[in-house]
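> pasted the sequence and its predicted model underneath.
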Amino acid sequence: AQSVSQHNHHVILSEAASLELGCNYSYGGTVNLFWYVQYPGQHLQLLLKYFSGDPLVKGIKGFEAEFIKSKFSFNLRKPSVQWSDTAEYFCAVDTGRRALTFGSGTRLQVQP
Amino acid sequence: DTAVSQTPKYLVTQMGNDKSIKCEQNLGHDTMYWYKQDSKKFLKIMFSYNNKELIINETVPNRFSPKSPDKAHLNLHINSLELGDSAVYFCASSRDSAGTPGGYTFGSGTRLTVV
């Protein structure tokens, strides 16, 4: 069965620091990849997604992610974080089984 | 204007009770889902329906019964509630069950607390 690993469980950064959150998946076939953000007490919002084409995808709020097929990775990046980026971040994979498989999430805390 | 709406937002109930959570989407999507987010924030698929047909039924106790009266609605009924059922339940929808570029849209969640 496919799985998604997010190795950073809790990340603490100062404002203006750069961010990279790791995401690896285990599945040998074609995948669709997603990053979602969940602000405290709120629902999941789509940050960005990859289906095909350019492996570097840009999302909302200055986030981007790079799909590296050989590494089964889809890491999320942002060059300069803000206090308002404090949230839980989830990587998710759709292997065509008609549902998303989520990673365990990374809690990002940005200190002013 | 809410795309995927769930009611209620909060639900506190005693063990042994039966409760329902409702979900409606106005996006014209064909597939709807229920996900469970536990206290450690881990999200897991429970069920998915495509055009009112059950597609995915993960290892969920049969106390949980989804019902889809039409493709815009997917309700979740839970019998004999247990403490371990306390979680946030998210409804979601997508254009079709293959996860096309439209992606998935999530509701705002229902926080269920069983006491």
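Ah, there it is.
> so where do the strands sit in chain B?
Along chain B, counting by DSSP state E, strands occupy B:4-7, B:10-13, B:19-25, B:31-37, B:43-50, B:53-57, B:64-70, B:73-78, B:87-94, B:104-106, B:110-114.
> so can I have TSV of the ones you listed showing mean pLDDT?
Shown next, in TSV, are these (pLDDT from 0 to 100):
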stretch	mean pLDDT
strand B:4-7	95
strand B:10-13	97
strand B:19-25	97
strand B:31-37	93
strand B:43-50	90
strand B:53-57	83
strand B:64-70	93
strand B:73-78	96
strand B:87-94	94
strand B:104-106	89
strand B:110-114	96
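> tabulate those (TSV), appending distance to A:His10.
C-beta: built from backbone N, CA, C; applies to glycine. As requested, those are exported to TSV (distance: least, Cβ to Cβ, whole Å):
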stretch	distance to A:His10
strand B:4-7	28
strand B:10-13	26
strand B:19-25	30
strand B:31-37	17
strand B:43-50	17
strand B:53-57	31
strand B:64-70	31
strand B:73-78	31
strand B:87-94	19
strand B:104-106	23
strand B:110-114	22
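> tell me which of those sits nearest to A:Cys23.
A:Cys23 lies closest to strand B:43-50 among the strands of chain B, at 14.0 Å (Cβ to Cβ).
> anything in that closest one near chain A?
Yes - under the criterion of Cβ under 8 Å from any Cβ of the partner chain, chain A is reached by strand B:43-50 at B:Leu43, B:Lys44, B:Ile45, B:Ser48, B:Asn50.
> for the most centrally placed residue in chain B, list the residues it contacts.
For chain B, the residue nearest the mean C-alpha position is B:Trp34 (2.9 Å; Cα atoms, centre = their mean). With contact set as Cβ atoms under 8 Å, 6 or more residues apart in numbering or on different chains, B:Trp34 has these partners: B:Cys23, B:Ile45, B:Met46, B:Phe47, B:Ser48, B:Pro66, B:Leu74, B:Leu76, B:Tyr89, B:Phe90, B:Cys91, B:Ala92.
> for those, which one is nearest A:Tyr25?
B:Ile45 (15.3 Å).
> wouldn't the closest one be in contact with B:Tyr33 here?
Yes - assessed by Cβ atoms under 8 Å, B:Ile45 is found in contact with B:Tyr33 at 6.4 Å.
> neighbour count for those two, which is higher?
B:Tyr33 (29 against 20; other Cβ atoms under 10 Å in any protein chain shown).
> could you give the bridge partners of the more buried one?
B:Ser48, B:Ala92 (DSSP bridges).
> around chain A, pick out the residues from chain B.
Counting by Cβ under 8 Å from any Cβ, the residues of chain B near chain A are B:31, B:33, B:35, B:40-45, B:48, B:50, B:55-56, B:90, B:97-99, B:101, B:103-109.
> quick one: name the residues of chain A near chain B.
Counting by Cβ under 8 Å from any Cβ, chain A sits next to chain B at A:32, A:34, A:36, A:38, A:42-46, A:49, A:51, A:88, A:90, A:94, A:96-102, A:104-105, A:107.
> now those: which count as buried?
A:32, A:34, A:36, A:38, A:43-44, A:46, A:49, A:51, A:88, A:90, A:94, A:97-102, A:105 (16 or more other Cβ atoms under 10 Å in any protein chain shown).
> sweet, I'm off.
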